[in-house]
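Enquirer: Kindly return the folded structure for what I paste below:
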Amino acid sequence: VREGMSRHKAIEALTMAGARMLDLGSRIGSLEKGKDADFIILSGDPFSVYTKLEQTWVEGIKRWDISIPADKAFLLGGYDVYSNDRGEFHQHGDDSADN
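Expert: Reported below is the predicted structural model:
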């Protein structure tokens, strides 16, 4: 997109074009009845560095959701993390930086 490709063509290249190249266009690449329903939900513009992943769906089933604490911890490397008053992040139970 930065180099001049239209947003529509960029989305197509990331979805349907790849499916067609793999001869899997009848199963994947777009959301249609009868196709695998693997997709993500984003917080905004898919080409913005500020956009966050909100949900992941695989075969029509929600597999990950940032609003679920256990899923959010997985996003952070599988750890339950916290920030101390200096803005430093530590694994849960690691109080050494607070001393």
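Enquirer: Residue 43 reaches residue 49, doesn't it?
Expert: No. Contact criterion CB atoms under 8 Å: residue 43 and residue 49 do not qualify, at 11.9 Å. (Glycine included, C-beta is placed from N, CA and C.)
Enquirer: who's more crowded, the two?
Expert: residue 43 (12 against 5; other CB atoms under 10 Å).
Enquirer: who touches the more buried one in this structure?
Expert: 51-54 (CB atoms under 8 Å, 6 or more residues apart in numbering).
Enquirer: how much space is there between it and residue 23?
Expert: 33 Å (CB to CB, to the nearest Å).
Enquirer: Now residue 58. Its backbone dihedrals?
Expert: Main-chain dihedrals, residue 58, degrees, to the nearest 10: phi -130, psi 130.
Enquirer: which residue ranges form the helices in this structure?
Expert: Assigned by DSSP state H, the chain shows helices spanning 7-14, 16-21, 69-75.
Enquirer: May I see these organised as JSON lines, with mean pLDDT, mean neighbour count and distance to residue 35 added?
Expert: Below are these laid out as JSON lines (pLDDT from 0 to 100; neighbours: other CB atoms under 10 Å; distance: least, CB to CB, whole Å):
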{"stretch": "helix 7-14", "mean pLDDT": "91", "mean neighbour count": "12", "distance to residue 35": "16"}
{"stretch": "helix 16-21", "mean pLDDT": "92", "mean neighbour count": "14", "distance to residue 35": "9"}
{"stretch": "helix 69-75", "mean pLDDT": "75", "mean neighbour count": "12", "distance to residue 35": "25"}
